[in-house]
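Enquirer: Could you work out the structure for the sequence below:
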Amino acid sequence: MLEQTVANRPTLEAVAARAGVSRATASRVVNGGAGVRQPLVDKVRAAVDELGYVPNHAARSLVTRRHGAVAVVIAEPEFRVFSDPFFAQQLRGISRELTSNDIQLVLLWVENESDHERIARYLAGGHVDGAIAFSLHGDGRLPALITGSKVPTVLGGRPGAEASPPLPYVDCDNRGGAREAVRHLVSLGRRTIAHIAGPSDQTSALDRI
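Expert: Purely as a prediction, here's the structure:
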């Protein structure tokens, strides 16, 4: 299909006319709303495919006040984000879930101290609907700055510095996992056990010790 210009690309009205439904019904189907009978849903989706209709997310956000994007903030420099397989695994899982819900991932990372302010301004600017932040360090200011942006946020890992109000976080039982690992080695008769630690300013590494 030839590339369409903004002037002649199909509109929601054209989709509704092709499907033989009202504009409101076509809008509900395109935006994933419930309450539309399946035969009408099928007609609207067929019209979308036939016409090559692409929703105008900018116009939609003016009405819904949603942007269809979530920021992933990693408190690490670029070289580590793209070289450490841990981050690749995290991003793969996050991206898969967001994509399945038609939400875009916006990746932000921290190179230096000034990036904290830049990220806080970006989040406060209304560009995203929410944020996920992980790999937080020590008493860093990032949790407090994110809280100040008023963007709904979940932290990956227990923060070392609490924001006010505290941000929700998801973490594994680092202490329990380390305890079980040591018990297993002791049960095998091992008495001199080495510990390869992570960054000493992260709660996950401290909890495992």
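
Enquirer: Just the element for the residue nearest to residue 16 when sequence neighbours are not counted, please.
Expert: Closest residue in space to residue 16, ignoring its immediate chain neighbours: residue 26 at 3.9 Å, by C-beta to C-beta, 6 or more residues apart in numbering. Where you see a C-beta, it was placed from the backbone N, CA and C, and this is true even at glycine. Using DSSP states H and E, the element containing residue 26 is helix 23-30.

Enquirer: what do you get for residue 50?
Expert: According to DSSP H and E, residue 50 maps onto helix 38-51.

Enquirer: Check which residues of the helix holding residue 26 are buried.
Expert: For helix 23-30, the neighbour count (16 or more other C-beta atoms under 10 Å) marks 25, 26, 27, 28, 29, 30 as buried.

Enquirer: and which of these is nearest to residue 134?
Expert: Closest to residue 134 out of these is residue 30 (33.3 Å), distances taken as C-beta to C-beta.

Enquirer: I'd like the distance between residue 38 and residue 18.
Expert: 18 Å (C-beta to C-beta, to the nearest Å).

Enquirer: Have a look at the two and say which one is more surrounded.
Expert: residue 18 (18 against 7; other C-beta atoms under 10 Å).

Enquirer: Can you tell me which helices and strands the helix or strand harbouring that one packs against?
Expert: Applying DSSP H and E as the criterion places residue 18 in helix 12-19. Counting contacts by 3 or more C-beta pairs under 8 Å, 6 or more residues apart in numbering; DSSP states H and E, helix 12-19 packs against helix 23-30, helix 38-51.

Enquirer: In terms of mean pLDDT, which of those ranks lowest?
Expert: Among the helices and strands packed on helix 12-19, helix 23-30 carries the lowest mean pLDDT, a mean of 87.

Enquirer: helices or strands up against the helix holding residue 26?
Expert: In terms of contacts (3+ C-beta pairs under 8 Å, 6+ apart), helix 23-30 is packed against helix 12-19, helix 38-51.
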